[in-house]
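J.: build me a model:
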Amino acid sequence: MWRLVYVVGRNLYRLPGIIGHMRKLIAKEPYSEKENYAYLKWITDEILRTGHIRLEGHGMEHLPQEGGYLMCPNHQGKLDAYAIVAMHDNTCTVVMDEAKSYTIFIREIIDMMRGKRLELNNPRKAVGVIKAITEEVAAGRRYILFPESGYTKEKKNSLIPFKAGCFKISVNSKMPIVPVVLVDTYKAFNSLQLTPVTAQVHFLPPIYYEEFKDLKTVEIASLVQTRIQQKLDELLV
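T.: Numbers count the residues shown, from 1 in each chain. Got it, this is the predicted structure:
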């Protein structure tokens, strides 16, 4: 929490210019996903630098080089999506809880990425959003989606049950699932720690359609969660 205040304070004089530039990119036609993503990576680098946050990336060689896929990380805190972006060179975007997506700066980030807002308590509306994401993933876009949906201050490096509904995207698009393991990202903005922190991002081998095509979504959720838990157990020994 205090680190977030510190990062905002250090960059407060730059914030109007950054938000202004993001809004120009949002309005610019034709839309350039590569240009917008490059600016997002610059923002991410500045957050890490001014927050004294060191990231270690592992398993980038596992990422599919062509086509769309769904990245499914464990969820620890406010740094999580930025941590993945920092280690993910190809363009990607994110799915976010709609209720948290309209604060200043976050609104611009989501719009600049052409991300999707998911209203968690509105299943009817969620169906349409999931369908749109499915079509985009099938067409080659890469999405970050957190199957746990949320996190608590006490959660840290532990997991809560993965929600099965999001895996309809992979079933219907027939595109791979990339489990992503985040370690200690909560220490950045979701703890009282102010000293420099090191966090880790691990991309696990993709789970391809042939492996999950005969499974129910609840079984896919369990499969992905098990692989993430196994890696966490290995890393946290």
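J.: give me the most central residue, the chain.
T.: residue 81 (3.4 Å; Cα atoms, centre = their mean).
J.: just the element for the residue nearest to residue 51 when sequence neighbours are not counted, please.
T.: Counting by Cβ to Cβ, 6 or more residues apart in numbering, residue 51 lies nearest to residue 7, which is 4.5 Å off, once chain neighbours are set aside. C-beta here means a position set from N, CA and C on the backbone, and glycine is covered the same way. Residue 7 is part of helix 2-11, with elements assigned from DSSP states H and E.
J.: contacts for that helix next, please.
T.: 15, 18, 46-47, 50-53, 78, 188-189, 192-194, 197 (Cβ atoms under 8 Å, 6 or more residues apart in numbering).
J.: mind checking the end-to-end distance for stretch 191-205?
T.: 30 Å (Cα to Cα, to the nearest Å).
J.: returning to that earlier point: pLDDT averaged over the helix holding residue 7 - what is it?
T.: With pLDDT averaged residue by residue, helix 2-11 scores 93.
J.: now the angle from the helix or strand just after that helix to helix 2-11?
T.: Scanning forward in sequence from helix 2-11 by DSSP H and E, the next helix or strand is helix 15-27. Between helix 15-27 and helix 2-11, the angle comes out at 90 degrees (axes from the mean of the first three to the mean of the last three Cα atoms, to 10 degrees).
J.: need the residues that contact helix 15-27.
T.: 8, 11, 32, 35-36, 39, 43, 104-105, 108-109, 111-112.
J.: which stretches of this structure form helices?
T.: All helices of the chain, identified by DSSP state H, fall at 2-11, 15-27, 33-50, 80-87, 106-113, 123-138, 168-173, 186-189, 209-212, 217-235.
J.: buried set for the second one?
T.: By neighbour count, and taking 16 or more other Cβ atoms under 10 Å as the criterion, the buried residues in helix 15-27 are 18, 22, 25-26.
J.: quick one on the thing from earlier: of the helices of the chain, which is nearest residue 146?
T.: Closest approach to residue 146 among these (Cβ to Cβ): helix 80-87, 7.2 Å.
J.: helices and strands around that closest one, which ones?
T.: When contacts are defined as 3 or more Cβ pairs under 8 Å, 6 or more residues apart in numbering; DSSP states H and E, helix 80-87 packs onto helix 33-50, strand 53-58, strand 69-73, strand 177-183, strand 197-203.
J.: rounded mean pLDDT for that helix, please.
T.: 98.
J.: now the angle from it to strand 53-58?
T.: 60 degrees.
J.: and helix 80-87 with strand 69-73, angle?
T.: 120 degrees.
J.: got the contact list for helix 80-87?
T.: Against helix 80-87 from outside (Cβ under 8 Å, 6+ apart): 37, 40-41, 44-45, 47-48, 55, 57, 60, 71, 73, 92, 94, 96, 144, 146, 180, 182, 185, 199, 201, 203.
J.: and those, which are buried?
T.: Using 16+ other Cβ under 10 Å, the buried members of the contacts of helix 80-87 are 37, 40-41, 44, 47-48, 55, 71, 73, 92, 94, 96, 144, 146, 180, 182, 185, 199, 201, 203.
J.: one step back: show the buried residues in the contacts of helix 2-11.
T.: Buried among the contacts of helix 2-11 by 16+ other Cβ under 10 Å: 18, 47, 50-51, 53, 78, 188-189, 197.
J.: and which of those is nearest residue 66?
T.: Closest to residue 66, out of all of the buried ones among the contacts of helix 2-11 and judged by Cβ to Cβ, is residue 47, at 29.7 Å.
J.: so who does that closest one touch?
T.: So residue 47 contacts 7, 53, 79, 82 (Cβ under 8 Å, 6+ apart).
J.: okay, the residues you listed in JSON lines with distance to residue 219 next?
T.: Listed next are the contacts of residue 47 as JSON lines, based on distance: Cβ to Cβ, whole Å:
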{"residue": "7", "distance to residue 219": "40"}
{"residue": "53", "distance to residue 219": "36"}
{"residue": "79", "distance to residue 219": "30"}
{"residue": "82", "distance to residue 219": "31"}
